[in-house]
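> Sequence and predicted model, in that order:
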Amino acid sequence: MKPKGLKAFLLANPSVIFQKVIYSISLLSFIAISACQSGSGKNQANIALSNVPVLELQPKTIEVPKTYVCDLQAVQFVEVRAKVEGFVDRIYVDEGEYVKKGQPLFKLTSNEFNEMVNSANAKLMQANAEAKSTSLEVERLKILVDKKIISSSELELAKAKNAVSQSAILEAESMLKNAQTGLSYTTIKAPFDGIVDRIPHKTGSLVTAGDLLTNITDITEVFAYYKVTENEYLKYMRDKLVAEADTATIIDDTVNLILSDGEQYAFSGKLETMEADFEKGTGSIAFRVRFPNPDQLIKHGASGKIQMNSTLEGMFLIPQQSTFEIQDYSYVYILDKNNKVRVRSFVPIQRFGVYYVSDSFEPGDRIIYEGIQQLKDGMEIIPLEVTEDDAYDTLINSLQS
């Protein structure tokens with residue numbers, strides 16, 4: 001009997017059987033090689049994820065600098081304005097010149113005021129003469145009344161005229177003082193020792209009462225005004241009250257100033273006072289610090305930053321290289337007790353050198369120190385413990401290289 005179907009076909013075509021065998025052997029070989037490659041890759045992955053640097057976190061008390069944008073103002077700043085109308089006759093100083101208190105700065109035309117003074121003087125002389133005449137008349141009539149030559153009514157009338165003449169003297173003296181005051185306003189003097197600012201009106205310019213002639217600034221010392229939040233204000237006041245209650249505690253109100261070029265100012269300032277109330281809308285309050293300025297390096301209206309040291313307790317220092325961000329949230333890889341990595345979010349309070357300062361951890365938490373790019377949530381690793389000193393030295397060396 002002849003075989004039928006597929007069996008008959010294969011017996012009739014032995015080459016096909018050979019091809020099938022070769023195909024099966026090739027397929028098995030490919031699967032075996034793939035399995036070996038897969039196993040080799042897994043071993044390579046295990047090697048790559050061994051000795052992953054891990055840092056154990058411990059809480060610390062740290063002094064961190066905090067900066068506030070500040071506005072720098074002269075300890076004295078006065079706008080020098082004209083009090084009377086007139087033409088600028090003379091300018092005695094130049095812009096940027098240092099002047100002493102009472103030193104003449106400007107001279108306005110004074111002819112009109114000189115005439116007013118002369119007129120007031122003439123009226124005063126007339127009033128004095130009339131008063132002297134009425135006074136003599138009173139003395140003369142008094143003698144006649146005593147001798148009963150005239151009635152006392154005439155004496156009373158003379159006394160009344162004398163009183164009128166005395167009041168005329170007072171009025172004339174007042175007019176003279178006003179005229180002299182107006183004349184004095186034509187000479188503008190420095191109100192205190194300071195530096196002359198820009199002079200907008202030149203010789204011959206017409207100025208009216210209230211026009212700005214220049215500014216005088218005293219920058220031997222400067223004030224720095226900066227604003228803090230209500231929470232920062234409350235913390236400062238509570239710390240101050242505690243320190244004042246303890247007589248052994250010395251209150252340190254000194255602060256540092258960073259100028260606009262990033263350099264620290266050579267002199268420390270002292271926190272003096274603060275505003276009376278909080279600013280509406282922002283909820284902030286301004287503090288004032290006084291800085292010496294012997295070299296007059298700082299000018300009125302300059303800008304800078306106040307730098308203060310803030311003590312933070314129970315904080316954890318997280319290396320910035322150990323973190324990554326997703327949509328403005330900060331994350332690290334935490335290593336659990338089974339050496340598996342887990343993604344953990346945390347809230348940085350502020351930066352401190354190459355670290356983030358945070359209180360979102362517990363003592364003994366272990367984070368992946370570096371190599372976070374090759375990790376995934378749930379991976380198991382072989383950790384390599386890194387000490388805090390080694391981590392810090394590594395970070396500093398990387399910044400210097």
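Noted; the coordinates are in hand.
> got the contact list for residue 373?
Residue 373 makes contact with no residue under the criterion Cβ atoms under 8 Å, 6 or more residues apart in numbering. All C-beta spots, glycine's among them, are computed from the backbone N, C-alpha and C.
> From residue 322, how far out is it?
For residue 373, the distance to residue 322 equals 12 Å [Cβ to Cβ, to the nearest Å].
> could you pull out the strands for the stretch 151-300 of the chain?
Remark: strands assigned in the stretch 151-300 of the chain by DSSP state E, counting those that start in this stretch are 187-189, 194-196, 206-207, 212-229, 254-259, 269-274, 284-292.
> Let me know which of these is the nearest to residue 61.
strand 254-259 (20.6 Å; Cβ to Cβ).
> how far off strand 284-292 does the closest one point, in degrees?
On the basis of axes from the mean of the first three to the mean of the last three Cα atoms, to 10 degrees, strand 254-259 is oriented at 90 degrees to strand 284-292.
> Please list the residues outside strand 254-259 that contact it.
So strand 254-259 is contacted by 67, 70, 224, 264-265, 267-271, 289, 291, 298, 302, 304-308 (Cβ under 8 Å, 6+ apart).
> got the CA positions of it in PDB?
The C-alpha atoms that make up strand 254-259 are tabulated as PDB, following Å, rounded to 0.1, in the frame of the first residue of the first chain:
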ATOM      1  CA  THR A 254      24.500  93.300  62.700                       C
ATOM      2  CA  VAL A 255      23.800  92.500  59.000                       C
ATOM      3  CA  ASN A 256      25.900  92.500  55.800                       C
ATOM      4  CA  LEU A 257      25.300  94.300  52.600                       C
ATOM      5  CA  ILE A 258      25.800  92.900  49.100                       C
ATOM      6  CA  LEU A 259      26.300  95.700  46.500                       C
END
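> So this protein: which segments form each domain?
52-62+313-400, 66-74+219-310, 83-107+189-210, 110-185 (automatic domain parsing).
> Figure out how far the second one is from the centre of its chain.
Spelled out, it's domain 66-74+219-310. 8 Å (Cα atoms, centre = their mean, to the nearest Å).
> how about low-confidence regions in the protein?
1-48, 247-252, 395-401 (pLDDT under 70).
> Identify each of the helices in it and give its residue range.
5-12, 14-48, 111-146, 152-184, 230-245, 388-400 (DSSP state H).
> Pull up the distance across stretch 197-210, start to finish.
Chord length of stretch 197-210, first to last residue, is 17 Å (Cα to Cα, to the nearest Å).
> If you count neighbours, what's buried in that stretch?
Judged by neighbour count using 16 or more other Cβ atoms under 10 Å, the buried positions of stretch 197-210 are 197, 199, 201, 207.
> repeat for stretch 144-151
Here stretch 144-151 shows residue 145 as buried, counting by 16+ other Cβ under 10 Å.
> what about residue 310, neighbour count?
Using other Cβ atoms under 10 Å, residue 310 is surrounded by 13 other residues.
> Surely it is in contact with residue 64?
Yes: assessed by Cβ atoms under 8 Å, residue 310 is found in contact with residue 64 at 5.5 Å.
> Quickly list what's touching both of these two.
Joint contacts of residue 310 and residue 64 (Cβ under 8 Å, 6+ apart) do not exist.
> still on that earlier bit, buried deepest among the strands of the stretch 151-300 of the chain, which one?
strand 194-196 (a mean of 22; mean count of other Cβ atoms under 10 Å).
> Does that one pack against any helices or strands, and if so which?
strand 60-81, strand 98-99, strand 212-229 (3 or more Cβ pairs under 8 Å, 6 or more residues apart in numbering; DSSP states H and E).
> Can you add distance to residue 277 and give those back as TSV?
Output for the helices and strands packed on strand 194-196, formatted as TSV (distance: least, Cβ to Cβ, whole Å):
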stretch	distance to residue 277
strand 60-81	18
strand 98-99	37
strand 212-229	13
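> Ok, which of those strands comes nearest residue 342?
Nearest of these (Cβ to Cβ): strand 60-81, 23.5 Å.
> so what strands line up beside that closest one?
strand 212-229 (antiparallel), strand 303-319 (antiparallel) (DSSP bridges).
> The ones you listed into TSV, with extra columns for distance to residue 369?
Conversion of the strands paired with strand 60-81 to TSV gives the following (distance: least, Cβ to Cβ, whole Å):
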stretch	distance to residue 369
strand 212-229	34
strand 303-319	7
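> right, so of those strands, which gets closest to residue 58?
Nearest of these (Cβ to Cβ): strand 303-319, 7.7 Å.
> That closest one: how far from the chain's middle?
16 Å.
> could you give the angle of that strand to helix 230-245?
Using the same axes, to 10 degrees: strand 303-319 against helix 230-245 is 90 degrees.
> Enumerate the positions of strand 303-319 that are buried.
304, 305, 306, 307, 308, 312, 315, 316, 317, 318, 319.
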